[in-house]
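A.B. asks: the sequence isn't on hand, but the structure is:
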């Protein structure tokens with residue numbers, strides 16, 4: 001692991017998710033830019049002190065020099081955004097598989113470089129858009145892809161939070177500080193941090209790519225540099241219309257990620273704060289509520305459900321589904337196991353590049369106040385509709 005040291009939020013989440021199925025063992029890390037803090041975290045996690053490194057460059061060199069049976073197989077990157085690219089590049093060059101938090105990079109050029117490097121070195125590269133790991137998100141995907149909703153006409157996706165409704169970064173709040181800093185977050189805050197999840201969730205469930213968009217970006221908290229609120233109008237391939245909302249200043253909201261998809265024959269509604277339920281709507285006005293663990297769900301959904309109905313599964317388990325699929329894919333690649341039918345069900349480096357392209361296009365649209373083409377295919381891209 002690179003990052004995830006003292007006061008980190010997402011690093012411990014990754015560690016819990018990776019460990020949940022016994023598929024991964026954490027053996028090395030560069031947990032902080034401060035060597036002492038990195039060693040402290042390594043000690044707290046029970047690592048060999050020699051493998052709690054002072055820097056990610058030292059870690060890549062030292063691990064690559066170990067015998068194959070001793071060195072790490074894969075690195076997880078949980079740093080602020082500006083470090084995703086240099087860290088991923090170093091570990092790809094050293095021959096390791098990569099799991100990287102979102103957004104993939106702060107520029108599209110860097111994202112495309114990682115796409116090419118992963119392909120040239122034949123390395124697995126996953127991006128942790130973890131909301132795709134929820135069983136009922138997978139059920140929503142299967143319902144749309146099966147055609148049961150009919151051709152899609154409308155998509156509404158919302159990711160609203162209220163935690164940045166004040167100038168929290170001025171109070172020394174670590175998580176707020178880097179997320180609103182252009183040097184570390186990149187050119188966007190709301191879209192980069194949560195809008196990228198909303199964009200990826202939409203693509204995953206519908207299989208539709210965005211052809212053009214119009215973005216209205218706002219910075220509503222005085223003294224903040226990057227946007228903390230965004231509304232993006234979407235035109236999808238095939239004629240569907242949509243809207244994406246990403247807000248960090250919606251007072252009272254916690255982690256309100258909601259996706260609604262409407263076709264000619266029906267619609268569906270999924271909310272991350274009640275993630276084990278999927279609401280289906282029919283043209284005649286009737287509704288049906290599906291629950292995780294039910295016997296009438298797709299094979300893909302059941303393969304990612306861990307407990308019987310009525311035993312809620314949530315954020316960590318969804319994250320763990322991604323890690324489990326990555327682990328199985330790594331083992332299948334090495335010839336240790338036969339690949340399973342859903343092992344490739346995790347966001348890839350190309351998905352990450354599509355997210356960076358969305359952010360850049362929306363920011364440009366917001367600055368210019370105009371519609372922008374959003375058609376784009378990153379190196380190695382395969383349309384989501386072609387996935388099994």
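C.D. replies: Nice, thanks for sending it over. Please read all numbers here as calculations on a predicted model, not as lab measurements. Numbers count the residues shown, from 1 in each chain.
A.B. asks: C-alpha only now, for contacts and for neighbours.
C.D. replies: OK.
A.B. asks: quick one: contacts of the helix or strand harbouring residue 144?
C.D. replies: Per DSSP states H and E, residue 144 falls inside helix 135-145. Residues outside helix 135-145 that contact it (Cα atoms under 8 Å, 6 or more residues apart in numbering): 131-132, 149-150, 204-207, 268, 270, 275-278, 291-292, 297-298, 300-302, 304-305, 318, 385.
A.B. asks: can you select the buried ones from those in PyMOL?
C.D. replies: Buried residues among those (16 or more other Cα atoms under 10 Å), as a PyMOL selection:
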select buried, resi 131+132+149+150+204+205+206+207+268+270+275+276+277+278+291+292+297+298+300+301+302+304+305+318
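A.B. asks: tell me which of the contacts of helix 135-145 fall in strands.
C.D. replies: Using DSSP state E, the subset of the contacts of helix 135-145 located in strands is 268, 270, 277, 278, 291.
A.B. asks: contacts only, for the first one.
C.D. replies: When contacts are counted by Cα under 8 Å, 6+ apart, residue 268 touches 140, 260, 261, 262, 278, 279, 280, 281.
A.B. asks: hang on, the third one packs against residue 156?
C.D. replies: Yes - proximity of residue 261 to residue 156 meets the contact threshold set by Cα atoms under 8 Å, at 6.5 Å.
A.B. asks: so these two - more neighbours on which side?
C.D. replies: Under the neighbour definition other Cα atoms under 10 Å, residue 261 and residue 156 were set side by side, and residue 261 has more, 24 against 19.
A.B. asks: so that one is in which element?
C.D. replies: strand 256-263.
A.B. asks: for that strand, packing partners?
C.D. replies: Helices and strands touching strand 256-263, by 3 or more Cα pairs under 8 Å, 6 or more residues apart in numbering; DSSP states H and E, are strand 152-160, helix 196-206, strand 266-271.
A.B. asks: wait, which of the ones you listed is closest to residue 93?
C.D. replies: Residue 93 sits nearest to helix 196-206 of all those, at 26.7 Å, using Cα to Cα.
A.B. asks: just list the residues touching the closest residue to residue 111 other than its chain neighbours, thanks.
C.D. replies: Distance criterion Cα to Cα, 6 or more residues apart in numbering; nearest residue to residue 111, sequence neighbours excluded, is residue 353 at 5.2 Å. By Cα under 8 Å, 6+ apart, the contact list for residue 353 reads 104, 105, 108, 111, 112, 115, 378.
A.B. asks: can I assume residue 353 sits in a helix?
C.D. replies: Yes - when DSSP: H, G, I helix; E, B strand; the rest coil is applied, residue 353 is found to be in a helix.
A.B. asks: could you check how far it is from residue 108?
C.D. replies: Look at residue 353 and residue 108: by Cα to Cα, to the nearest Å, they are 7 Å apart.
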